[in-house]
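Asks: okay, here's the prediction I keep looking at, along with the sequence it came from:
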Amino acid sequence: MVDSKPYPSAFFSGELLLVAQAIKEKELKKAKKLAEALPDIDAPGKENFTLLAFAVADNNVPAIKMLMALGADPAHQIGKHKDRGTIGSFSMWNRSTKALRALLESGMDPDQRETDRTLIYKVPELRDNDSLKLLVKFGADVNARDRLGQTPLFNFVLASFDEAIYLLENGADPFVMDKAGVTLAYSVQNRIENMSSELEAYQKMLTIQQKMTELGVTFPALTPYGERFRNGIVYCKEPRGYRPRAECKVEGVNRFLKPQSEESKLADEKILRERYGIDVHL
């Protein structure tokens, strides 16, 4: 058993190696006794691997639960530099969700963050497994925001179409808008308008749009220019980024943003007038 991947000796030495070997041999009582004697249950080996990360790599549910009960941290970052990630995130890359379930059942926060994003954001990058449904079952916030003010749906509508529908059916906000005034409705509409109708993805996007319509979203959607005008959002030099005007100390201009076309302005003016009663010349 010790001669199969993951190899304990590839990550650990000394006391940690003894625990990892016991875990690999599925000698849980021995592993627990050795682990309890460690000064730090989250002591890292090579690649910042902890014993919990090793148990996850081994898909060893009893060991995962034992280590979690001893206080092992599933938010510990493993790997190096740009490849660093939490143990919780690492558990989602296996085709099996046994390790992820064991972590969640042992008390891991389903909204654990890796940088500014929660675990649920990882789903579009994964191999085909049930991580999304498992996270939702354990109470993950389907409307968690990242630093741009976007929710997971913004990512899901780019590639994970069936999962996007699942989120919409499980409480995801179809009216969501990010900090720059980009709405989910506009993102979906823009993709449909710039996609070949011959693609299977085109039909999937139409299904997403229809689901959003059933939930009360109105199309066509305002562009981000129109939404920024309607909601008083401006680009700030200080503090930098898009913010409500009241939060902006010094207004500026986003030099990377192209001017809005006249055709787009007219479309926004029509929506603002007919839908919101705002008569304006943009």
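Replies: Ah, there it is.

Asks: residues in contact with the strand ranked longest in the chain: which ones?
Replies: The longest strand of the chain (DSSP state E) is strand 233-238. If you take Cβ atoms under 8 Å, 6 or more residues apart in numbering as the criterion, strand 233-238 is touched by 179-181, 227-228, 241-245, 247-254, 257. Heads up, the C-betas are built off the backbone N, CA and C, glycines and all.

Asks: would you show me how to pick out the buried ones of these in PyMOL?
Replies: A single PyMOL command selects the buried members of the contacts of strand 233-238 (16 or more other Cβ atoms under 10 Å):
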select buried, resi 179+180+181+227+228+241+242+243+248
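
Asks: in strands, which of the contacts of strand 233-238 appear?
Replies: Filtering the contacts of strand 233-238 for strands - DSSP E - leaves 241, 242, 243, 244, 250, 251.

Asks: residues contacting the third one?
Replies: It refers to residue 243. Taking Cβ under 8 Å, 6+ apart as the definition, contacts of residue 243 comprise 179, 233, 234, 236.

Asks: and if you look at the first one?
Replies: Listed by Cβ under 8 Å, 6+ apart, the contact partners of residue 241 are 179, 235.

Asks: specify the beta-bridge partners of it.
Replies: Here residue 241 sits in beta bridges with residue 236, as judged by DSSP bridges.

Asks: now it: how far from residue 229?
Replies: Per Cβ to Cβ, to the nearest Å, residue 241 is found 17 Å from residue 229.

Asks: and if you look at the second one?
Replies: Using Cβ to Cβ, one obtains 12 Å as the distance from residue 242 to residue 229.

Asks: residue 6 - how many residues pack around it?
Replies: Neighbourhood size, residue 6 [other Cβ atoms under 10 Å]: 19.

Asks: pretty sure it contacts residue 58?
Replies: Yes. Here residue 6 reaches residue 58: they are 5.8 Å apart, a contact under Cβ atoms under 8 Å.

Asks: give the contact list for residue 195.
Replies: Neighbours of residue 195 in contact, by Cβ under 8 Å, 6+ apart: 201, 202, 205.

Asks: just the buried ones from these?
Replies: residue 205.

Asks: closest to residue 125 among the contacts of residue 195?
Replies: residue 201 (17.4 Å; Cβ to Cβ).

Asks: that closest one should be in a helix, yeah?
Replies: Yes. Applying DSSP: H, G, I helix; E, B strand; the rest coil, one finds residue 201 inside a helix.

Asks: tell me the confidence at it?
Replies: The pLDDT attached to residue 201 in the predicted structure is 93.

Asks: didn't it look like it was pressed against residue 160?
Replies: No. Contact status for residue 201 versus residue 160: not in contact, 10.9 Å apart, counting by Cβ under 8 Å.

Asks: low-scoring stretches of the stretch 101-250 of the chain, by residue?
Replies: Scanning the stretch 101-250 of the chain for pLDDT under 70 picks out 127.

Asks: can you pull out the helices in it?
Replies: Here the stretch 101-250 of the chain has its helices, by DSSP state H, counting those that start in this stretch, at 131-137, 152-159, 161-169, 184-193, 200-214, 224-231.

Asks: any idea which of those is most buried?
Replies: Across the helices of the stretch 101-250 of the chain, averaging neighbours per residue (mean count of other Cβ atoms under 10 Å) puts helix 152-159 on top, at a mean of 21.
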